[in-house]
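**Student:** Pasting the sequence and the predicted coordinates here, then a few questions.
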Amino acid sequence: MASYGSAERDLETQTAPQREAGSPLLLKALTASALVLAGALAYVATSGPAQDLQAAPVMMNRVNVMPVAPKFQPMQMRRRQPELKVRASSSPKNVASTVAPPAAITETEMVALTRAATEERGLAMDGVAAANSGHLGLPLGAAEIGAVLWGKDMTYYAKDPTWINRDRFILSAGHGSMFIYSWLNLAGYDLPIDELKNFRQHHSMTPGHPEFPSSEHNTPGIESTTGPLGQGVSNAVGMAAAEKMAAATYNTEEHKIIDNHIFALAGDGCLQEGVAFEAAAFAAHEKLDNLIVLYDANDVTLDKMAEFTQSEDVITRYKAMGWDAVVVDGHDMEAVHAAIENAKNDNNGKPKLLMCRTIIGKGIEEVAGTNAAHGEAGVKFTDESRAKLGLPEEKFYVSPETRDFFKGREGELKKIYDDWQETYAAWKAANPEKAQQLQDAIDRKTPSVEEMFAQIPARDGIDAEATRISGSTALNDIAKIFPDVISGSADLHGSNKNYISGGGDFGGDAALGKEYTGRNVYYGIREHAMGAIMNGFAYYGLNRPSGATFLVFADYMRNPVRVAALAELPVSYIWTHDSVGVGEDGPTHQPIEQVSSLRLIPNLDVFRPADPEETVAAYVGTMERQNGPTALILTRQNVPNLKEIDVNTRRMGTIKGGYIAKKETGALDTILIASGSELSIAMDAAKELGDGVRVVSMPCMERFDRQEDSYKEEVLPAACRKRVAIEAGASGMWYKYVGLDGKVIGVDRFGFSAPGDIVFKELGFTKDNLVSVAQSA
């Protein structure tokens, strides 16, 4: 049995799958090993110095116990040998010595869990075969891990899948989705067997990759939208941080209502992605010891065996970052259970990595242990394989014994759930203010736009100000209204100006002045991980996260932004230094295509406000929005406070995405459309162009496009075809408003290093150039 706190067990020999003493296969293996060892010793004695053997390479610190004669494998596939040896670590683990050994799995439980693992393999085979699409490798290779998690070690209550103190499970390797669908069905979640039969079909609850409940899917028990490798394990870091924040905020000496754990199942592909490394470093630095990552280490990636692309010692790498990391046999349920339980009980300030050695596709011997097992190559062998596993011919079979076992498990979990409800009721009675704050966070209670505006004073005293400065003021006003709002930056708080004053700094190192109640998260120079961790905060459901960096680095965050939009997460991105107006830093730091490319992401609102009041409205708009993320694009340079436009007009017009900033005083002849810092240029140009010119501010195309047709016609009447748009960015998106007859002043080249006003002038962002273009249109 594995002992999580034992250095001796840490990297000891792992064997799978034949373990029974006296088995014929094991006896043959031992005999063969002895013969090979004797031959090797004889060879060394007669053929050269010992250091030649010591210099032999060892892949990921693993060496095969038995040599295997080379044989032809199609597609250059190599089968991972079921018996592996792992070198002992040279550095002992530093863990608490008071960890009590976990309760062992009883003989009755072992029988039930083994049966459940076998039947989960059958469900996965049947689901992928029925769809003729999907990934068999992980659901078959990790079946015992799933049995231990849902059958023994995780705390959840299937009848209340959004219970706030449940353990969270994230399938980071989302391609293996039949794994989680099967276990959710077996564990009693409202995911009927017919939905497993409908795997990967239109309108099913079982899409190809797990999708967080949204307007498209509502699959209970799915905690995170996964599929892009590395995202899920990074989301888990965000959830672990959110749990730490919630526990520090709401628990009291008398009542502990938040004490759950975050589990993620990840494969080699997830850990190879750079985002996973960034997030893992953050998790260790902030001492997130409530995070348990189960690494499905099967030596296989999609294209080749993993040795083609990786050779690092993953255990040592994670230990070097500050994780506890151990190796267990992923098919030995007692070892997996012991490792999980000790990880849960070891509150030593270190996240936990359990490297579970598994055989991919286990149960389909024709492909097991090869990269062919990753996808659906084993489908044609499923009928024979099911029979060898002892499953009946009936597809999607679950035995009455397995159903009864999980009903019993539900009873055990209901007792935990009911006890928690009693604690929660007592906590609520003793802490009514905290209870109200928590309930508001759960409900994402949001005042109306008008109510929020009423609590934020007008910026009349400002003549000119960078919108990043205006954003700082707006963020702090918003933070007073919403105690669940948090902010963070990728090492740029001083430049992004997004620090919540008096909010404290998040983290586990008190010597640095950090505490888990802190509302300002320091992500380090890890933009990609920041985006994924912010999503984790949002998935956890008790915070409204925002995070900041320079706009030109938003591309580092692109995948988590896309996933947030897909999952309909209310996340806010504060991206400053928004255009060639950045100036002296030059083209590496001057965004050109970023704003337009962000506007291409479905369900992402992109605000580029023009002045302090539009900036207030942009922040209010992001709080109003509950079904998707919002980008706030802010300037480095000062822009005028456009006091000639009424405050309410600017605020409410921005909420609608576009509005008439200056109405013509004569017959309408020309419409100038602008966003951000270019709105003031359009306002000045209109004064020279005459009384037939209208100026339209367009801070958020997405919101404007969602307005009723009557409003859009009111702002941009179809009868007026003479239109000019101006924005210091790529021009293409603006033609949907100006049409084929219109013109756009934009930037479709890289900028250059010079003071910002000179860059603007050279690229045509002046009143005189706009007047000239409008007159020639």
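**Tutor:** Good, I have the coordinates.

**Student:** got the contact list for residue 148?
**Tutor:** Counting by Cβ atoms under 8 Å, 6 or more residues apart in numbering, residue 148 makes contact with 105, 113, 333, 336, 337, 340. C-beta coordinates here come from the backbone N, C-alpha and C atoms, glycine included.

**Student:** Just confirm it is within a helix.
**Tutor:** Yes. Residue 148: assigned to a helix according to DSSP: H, G, I helix; E, B strand; the rest coil.

**Student:** any idea how far it lies from residue 259?
**Tutor:** As judged by Cβ to Cβ, to the nearest Å, residue 148 and residue 259 stand 20 Å apart.

**Student:** Kindly report the same for residue 442.
**Tutor:** Remark: distance between residue 442 and residue 259 (Cβ to Cβ) = 17 Å.

**Student:** Poorly predicted segments of this structure, please.
**Tutor:** By pLDDT under 70, the weakly predicted segments of the chain are 1-102.

**Student:** Which of the three states applies to residue 412?
**Tutor:** What three-state DSSP gives for residue 412 is helix.

**Student:** Could you do residue 319 as well?
**Tutor:** When classified by three-state DSSP, residue 319 comes out as helix.

**Student:** Could you do residue 673 as well?
**Tutor:** With three-state DSSP as the criterion, residue 673 reads strand.

**Student:** try residue 362
**Tutor:** coil.

**Student:** is it true that it touches residue 140?
**Tutor:** Yes. The criterion here is Cβ atoms under 8 Å, and residue 362 meets it with residue 140 at 5.2 Å.

**Student:** Who has more neighbours out of the two?
**Tutor:** Between residue 362 and residue 140, counting by other Cβ atoms under 10 Å, residue 140 is the more crowded of the two (31 against 25).

**Student:** Can you name the residues that contact that one?
**Tutor:** Contact partners of residue 140, counting by Cβ under 8 Å, 6+ apart, are 121, 124, 125, 360, 361, 362, 363, 364, 368, 373, 378.

**Student:** mind putting these in TSV, distance to residue 412 included?
**Tutor:** Putting those into TSV (distance: Cβ to Cβ, whole Å) gives the following:
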residue	distance to residue 412
121	24
124	26
125	29
360	32
361	32
362	28
363	28
364	33
368	33
373	34
378	35
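
**Student:** Which member of the residues you listed is positioned nearest residue 572?
**Tutor:** Nearest to residue 572 among the contacts of residue 140 is residue 124, at 38.4 Å by Cβ to Cβ.

**Student:** so the closest one touches residue 182, yeah?
**Tutor:** Yes. Judged on Cβ under 8 Å, residue 124 makes contact with residue 182 at a distance of 5.8 Å.

**Student:** what's the overlap in contacts for the two?
**Tutor:** With Cβ under 8 Å, 6+ apart, residue 124 and residue 182 have common neighbours residue 139.

**Student:** For the stretch 651-777 of the chain, which segments count as helices?
**Tutor:** With helices called from DSSP state H, counting those that start in this stretch, the stretch 651-777 of the chain shows them at 679-689, 701-706, 709-715, 735-738, 756-762, 767-776.

**Student:** Please spell out which residues along the third one are buried.
**Tutor:** Using 16 or more other Cβ atoms under 10 Å as the burial criterion, the residues of helix 709-715 that qualify are 712, 715.

**Student:** can I assume residue 524 sits in a strand?
**Tutor:** No. Per three-state DSSP, residue 524 lies outside any strand segment and is coil.

**Student:** and the spatially closest residue to it that is not a sequence neighbour, what does it touch?
**Tutor:** Computed as Cβ to Cβ, 6 or more residues apart in numbering, the closest residue to residue 524 that is not its neighbour in sequence is residue 491, at 5.8 Å. Neighbour list for residue 491: 522, 523, 524, 525 [criterion: Cβ under 8 Å, 6+ apart].

**Student:** Which of those residues lies at the shortest distance from residue 225?
**Tutor:** Distance to residue 225 across the contacts of residue 491 (Cβ to Cβ) is lowest for residue 523, with 20.8 Å.

**Student:** The closest one against residue 547, yeah?
**Tutor:** Yes. Residue 523 lies in contact with residue 547 (Cβ under 8 Å); the separation is 6.9 Å.

**Student:** Give the residues shared as contacts by these two.
**Tutor:** Common neighbours of residue 523 and residue 547 are listed as 488, 489, 490, 530 (criterion: Cβ under 8 Å, 6+ apart).

**Student:** Return the subset of those lying in helices.
**Tutor:** Among these, the members falling in helices (DSSP state H) are residue 530.

**Student:** Reformat the shared contacts of residue 523 and residue 547 as JSON lines; add distance to residue 418 and neighbour count.
**Tutor:** Below are those laid out as JSON lines (distance: Cβ to Cβ, whole Å; neighbours: other Cβ atoms under 10 Å):
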{"residue": "488", "distance to residue 418": "37", "neighbour count": "28"}
{"residue": "489", "distance to residue 418": "42", "neighbour count": "25"}
{"residue": "490", "distance to residue 418": "43", "neighbour count": "25"}
{"residue": "530", "distance to residue 418": "39", "neighbour count": "33"}
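
**Student:** Out of the shared contacts of residue 523 and residue 547, which is nearest to residue 193?
**Tutor:** Nearest to residue 193 among the shared contacts of residue 523 and residue 547 is residue 530, at 39.9 Å by Cβ to Cβ.

**Student:** what's the closest one in contact with, if anything?
**Tutor:** Applying Cβ under 8 Å, 6+ apart, we find residue 530 in contact with 488, 490, 523, 547, 549, 557.

**Student:** repeat that for 10 Å
**Tutor:** Residue 530 makes contact with 234, 238, 275, 278-279, 282, 488-491, 521-524, 545, 547-549, 553, 556-557, 560, 573 under the criterion Cβ atoms under 10 Å, 6 or more residues apart in numbering.

**Student:** And for residue 243?
**Tutor:** Applying Cβ under 10 Å, 6+ apart to residue 243 gives the contacts 164-165, 167-168, 258-262, 288, 290-291, 516, 536, 540, 542.

**Student:** Just the buried residues of those residues.
**Tutor:** So, by 16+ other Cβ under 10 Å, the buried ones in the contacts of residue 243 are 164-165, 167-168, 258, 260-262, 288, 290-291, 516, 536, 540, 542.

**Student:** For residue 473, state which of the residues you listed is nearest.
**Tutor:** Comparing those against residue 473 with Cβ to Cβ places residue 542 closest, at 25.7 Å.

**Student:** name the element that closest one belongs to?
**Tutor:** Using DSSP states H and E, residue 542 sits within no helix or strand.

**Student:** these two touch, right, it and residue 248?
**Tutor:** No. The criterion here is Cβ atoms under 10 Å, and residue 542 misses it with residue 248 at 11.8 Å.
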